[in-house]
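Visitor: sequence and predicted structure below; questions after.
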Amino acid sequence: MPDSNSPVGIFDSGVGGLSVLRAIRAQMPEESVIYFGDQGHIPYGPRPMDQIRNFSEAITRFLLEHQAKIIVVACNTASAAALRFLREKFPNVLFVGMEPAVKPAVEQTATGRVGVLATPATFQGALYASVVERFANGAELFQNTCTGLVQEIERGNLDGPETRRILSDALLPMLEKDIDTVVLGCTHYPFVIPLIQEIVGEKVRVIDPAPAVARQVKRLLEAGRMKSQSAQIGDVRFYTSGEAKSLQSLLPVLLRESGEVEKVEWGDDLAIR
């Protein structure tokens, strides 16, 4: 059974969840973490919802087998497709998911116009529709899927010409509509905040959801008396279904940490070996 010394489990389709891991490390450095990047199946965005649910269930089982005490679905697409399903499938497990930060954006906008960057699956999911219905409050939302941006970030291309083109194509039309706030609805996107801020200018607020997710993880662990009491910095174990060397080379760039990455294989029965 997991206890306070057990790790926090985090998963994403790739490296995007490292933005959430980075926030958790900043707020709770004593927590050990096990991170799973499903780079063998990236991107999740265009995939059918039921397929994403299947991947998410198998990864959750993998993390639980490694004694994770809480599961962070650090992927907006997987949260939209699978979070409710996972909570029903694993009723005794604590889950924290991602939802586009529409509420704080609407609370902070002065123009009433907000840009939202997310994947197609996130925009199509019931979770996003629910967030908009509950919190949009008459604000006008301008959406863009930033096709290809996840792949560029997976390559470590945070400020190259193609990354700049994708973001400019998404954001410049929004600026013409007088947006003053940008919501990042994909965990990959915080890694290009400097480039986004360069394109939109200082007067436009860019909302990174990762710190709020880390705070929620901390609240749940404290409420369940599962928070680590260690005086040492926790260790992080990394797993990927893609190329281990690829993820390992990105850790110093995206996380400012280094670590060993273990490659795992998907079986035909959706088991992870």
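Guide: That came through, no problem.

Visitor: contacts and neighbour counts: CA atoms only from here.
Guide: Will do.

Visitor: which ones are touching the closest residue to residue 252 other than its chain neighbours?
Guide: Nearest non-adjacent residue to residue 252, counting by Cα to Cα, 6 or more residues apart in numbering: residue 258, 5.4 Å away. Contact analysis of residue 258 by Cα atoms under 8 Å, 6 or more residues apart in numbering lists 248, 251, 252.

Visitor: can you tell me the SS state at residue 258?
Guide: coil (DSSP: H, G, I helix; E, B strand; the rest coil).

Visitor: still on that earlier bit, report the buried members of the contacts of residue 258.
Guide: Buried by 16 or more other Cα atoms under 10 Å: 248, 251, out of the contacts of residue 258.

Visitor: and which of the contacts of residue 258 is nearest to residue 77?
Guide: Among the contacts of residue 258, residue 251 lies closest to residue 77 (Cα to Cα), at 22.0 Å.

Visitor: list the contacts of that closest one.
Guide: 257, 258, 259.

Visitor: save these as JSON lines, and put in pLDDT too.
Guide: JSON lines is the format used below for those (pLDDT from 0 to 100):
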{"residue": "257", "pLDDT": "89"}
{"residue": "258", "pLDDT": "89"}
{"residue": "259", "pLDDT": "89"}
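
Visitor: on that earlier part again, what about the residue nearest to residue 252, distance to residue 235?
Guide: As judged by Cα to Cα, to the nearest Å, residue 258 and residue 235 stand 11 Å apart.

Visitor: just residue 131 next, same as before
Guide: To residue 235, residue 131 is 35 Å away according to Cα to Cα.

Visitor: okay if I get the contacts of residue 258 as TSV plus secondary structure and pLDDT?
Guide: Shown next, in TSV, are the contacts of residue 258 (DSSP: H, G, I helix; E, B strand; the rest coil; pLDDT from 0 to 100):
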residue	secondary structure	pLDDT
248	helix	95
251	helix	95
252	helix	94
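
Visitor: the stretch 1-150 of the chain: strands as residue ranges?
Guide: 8-12, 33-37, 70-73, 95-96, 113-118, 140-144 (DSSP state E, counting those that start in this stretch).

Visitor: can you tell me what sits against the third one?
Guide: With Cα under 8 Å, 6+ apart as the contact definition, strand 70-73 has outside contacts at 7-12, 60, 63, 79, 83, 93-98, 217, 221.

Visitor: ok but residue 206 is inside a strand, no?
Guide: Yes: Residue 206: assigned to a strand according to three-state DSSP.

Visitor: who are the contact partners of the residue of the chain most remote from its centre?
Guide: No residue in the chain sits farther from the centre than residue 176, which is 28.2 Å out by Cα atoms, centre = their mean. For residue 176, the contact set (Cα under 8 Å, 6+ apart) is empty.

Visitor: now do it, the pLDDT please.
Guide: What the model reports as pLDDT for residue 176 is 97.

Visitor: for residue 138, same thing?
Guide: 89.

Visitor: what's the closest non-adjacent residue to it?
Guide: Leaving aside its chain neighbours, residue 138 sits nearest to residue 112 (7.7 Å; criterion: Cα to Cα, 6+ apart).
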